[in-house]
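Undergrad: everything below, folded, please.
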Amino acid sequence: MSTSPGPDTPEEGEPLLGTRRQARELALSLLYEADAKEAAPAAVLAEFPIDPDPFAADLVAGVGEHQAEIDDLIRRFAKDWTIDRMPVVDRNLLRIGIYELTERPDVPTAAVISEAVELARRYSTEESGRFVNGMLGRIAEEVRAER
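TA: Below you'll find the predicted structure:
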């Protein structure tokens, strides 16, 4: 019997419940689903068949709870863009990033922005990484400077 890790076995030192990047990916997926169904993020989270990673659950619930304020920030900082015109992935990555910037002081600003940019590059358009980086960078200057 092989002792090397398989696809469902974590590498040595890797957390069993997954990484924060995986949690952000799950949160992005659930928020994307909520957008597509025009459902509340909390409802989509409640329908999820297994208990998600606590960090992912916090991101989804937090975005849902603060979505009006988050979307106001997006509107204020998005030059020549409306929320409805943004790619769904970009819109939800911005929501996750803004939630982390405003409500999760335990997460460093650089980590919030770099993770969002990486996910934008992986799952959205060619220009999305730059767009998400610029938006979150400007928003972070305001919301994190207040602390």
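Undergrad: and the residue at minimal distance from the centre of the chain, its phi and psi?
TA: In the chain, the residue lying closest to the centroid (Cα atoms, centre = their mean) is Ile96, at 3.4 Å. Here is the backbone geometry of Ile96 (degrees, to the nearest 10): phi -60, psi -50.
Undergrad: wait, doesn't it sit right on Ala116?
TA: Yes: using Cβ atoms under 8 Å, Ile96 makes contact with Ala116 at a distance of 6.7 Å. In short, each C-beta sits where N, CA and C put it, glycine included.
Undergrad: need the residues touching each of the two.
TA: Both Ile96 and Ala116 are in contact with Arg24, where contact means Cβ atoms under 8 Å, 6 or more residues apart in numbering.
Undergrad: hmm, back to that, just the pLDDT for the residue nearest to the centre of the chain.
TA: In this prediction, Ile96 carries a pLDDT score of 99.
Undergrad: that one and Gly62, how far apart?
TA: 9 Å (Cβ to Cβ, to the nearest Å).
Undergrad: these two touch, right, Tyr123 and Val88?
TA: No: Tyr123 is beyond contact range of Val88, at 9.9 Å (criterion: Cβ under 8 Å).
Undergrad: of those two, who's got more company?
TA: Per other Cβ atoms under 10 Å, whichever of Tyr123 and Val88 has more neighbours is Tyr123, with 18 against 15.
Undergrad: tell me the contacts of the more buried one?
TA: Counting by Cβ under 8 Å, 6+ apart, the residues that Tyr123 touches are 28, 89.
Undergrad: what's the longest helix in this protein?
TA: When the chain is parsed with DSSP state H, its longest helix is helix 54-77.
Undergrad: how about that helix: buried residues?
TA: Under the neighbour-count criterion of 16 or more other Cβ atoms under 10 Å, helix 54-77 has 55-64, 66-67, 70-71, 73-74, 77 buried.
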